[in-house]
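Fold the following for me, if possible:
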Amino acid sequence: AALKDATELCDSDILIIFDADYIPGRGLIKQLVAPFFDPEVGAVMGRVVPLNGGKNMLTRLLELERAGGYQVDQQARMNLGLVPQYGGTVGGIRKSALLSVGGWHDDVLAEDTDLTFRLLLGGWTTAYTNRSECYEEVPEEWPVRIKQIMRWCKGHNQALFRHLSNVLGSRALTPWERIDGVMLLLVYAMSPLLMVGWLIALVLYLLKPDLMLSGVIALFSMLSYSALGNFAAYFEIGAACYLDGSGRRLRLLPLSTGGFLVSLVAISQATFNQVLFDRFSRAAGLKWDKTIRYRIRPT
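As a prediction, the model looks like this:
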């Protein structure tokens, strides 16, 4: 509601948006505005960098995750002309583009992902500027992190069910944009699929079916899983550390497996709850768990 009111009152065609707890770097606003000189750009996204990365092990792992997600994943999408994701903060929106695709939607937990795909389907481009850094607080406690990622998961899945068929059927998108758009929409679906796959593998092992058939299935499953990039996150983090000139952080890379497993379980739980109980209803699906911030602790 606040975003809607601010948009209506703003006379400028360029809206620059930050979450209240973010700290912009010097010159950031100029950097975020610059891509809008291209009339096809509807949104711009900058890079998010944790300011409390050295607080504890969790924040250090999240710092690695952020580096890989922005420095490599977002930049690669931008360089390849695919679908960079507008993240809802540290970015800008062209007001005319926003209004042309229906304005802000308050019936989805991940309004940024929803807007990314509405802009894409509306013919607008989202740009990513890697040097436009803004500083955030990442969660310092695991329960806070789990609630955050479960909220992201539910919001992303809402966007998945709203936009998947439109992305697949859009003739305005290039084939690569359709493929990348579908993969981006399905990113949170990988965790429950992997959990189901592990369960099936366990059942097959306990039932002890024909060993030859089991070996063939296992081989093809391993090849398919590897081909889909099961080590992609590690490659992204490694490349990001190299590009950032912070190779010493790679010593923490093996510990990222623990963080990935926590996220795997949390995302799977959120997805199953959403499908079985929330059923994507407005009432049940829009519970907002606000992320705790630590610079000013609640009394």
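
Any idea how many residues pack against residue 130?
16 (other C-beta atoms under 10 Å). Where C-beta positions appear, they are placed from N, C-alpha and C, glycine not excepted.

So it belongs to a strand, correct?
Yes. Counting by DSSP: H, G, I helix; E, B strand; the rest coil, residue 130 is found in a strand.

Distance of it relative to residue 107?
From residue 130 over to residue 107 the distance is 32 Å, taken as C-beta to C-beta, to the nearest Å.

same thing with residue 166?
As for residue 166, its distance to residue 107 is 17 Å (criterion: C-beta to C-beta).

More neighbours: which of the two?
A side-by-side neighbour count of residue 166 and residue 107, using other C-beta under 10 Å, places residue 166 first with 14 against 11.

what about the more buried one, which SS state?
State at residue 166, reduced to three classes by three-state DSSP: helix.

And the pLDDT at the nearest residue in space to it that is not next to it in sequence?
Using C-beta to C-beta, 6 or more residues apart in numbering and skipping residues adjacent in sequence, the residue nearest residue 166 is residue 121, 5.5 Å away. At residue 121, the predicted lDDT confidence score is 96.

what residues are up against residue 121?
With contact taken as C-beta atoms under 8 Å, 6 or more residues apart in numbering, residue 121 is in contact with 101, 163, 166-167, 170, 172-173.

Repeat that for residue 18.
Taking C-beta under 8 Å, 6+ apart as the contact definition, residue 18 lies against 24, 89-90, 134.

Next: residue 156.
Contacts of residue 156 were listed using C-beta under 8 Å, 6+ apart, and they are 110, 113, 185, 187-188.

Export those residues to a markdown table and append columns for neighbour count, secondary structure and distance to residue 150.
Supplementary listing: the contacts of residue 156 in a markdown table, determined by neighbours: other C-beta atoms under 10 Å; DSSP: H, G, I helix; E, B strand; the rest coil; distance: C-beta to C-beta, whole Å:
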| residue | neighbour count | secondary structure | distance to residue 150 |
| --- | --- | --- | --- |
| 110 | 22 | coil | 12 |
| 113 | 27 | helix | 15 |
| 185 | 23 | helix | 18 |
| 187 | 14 | helix | 15 |
| 188 | 24 | helix | 10 |
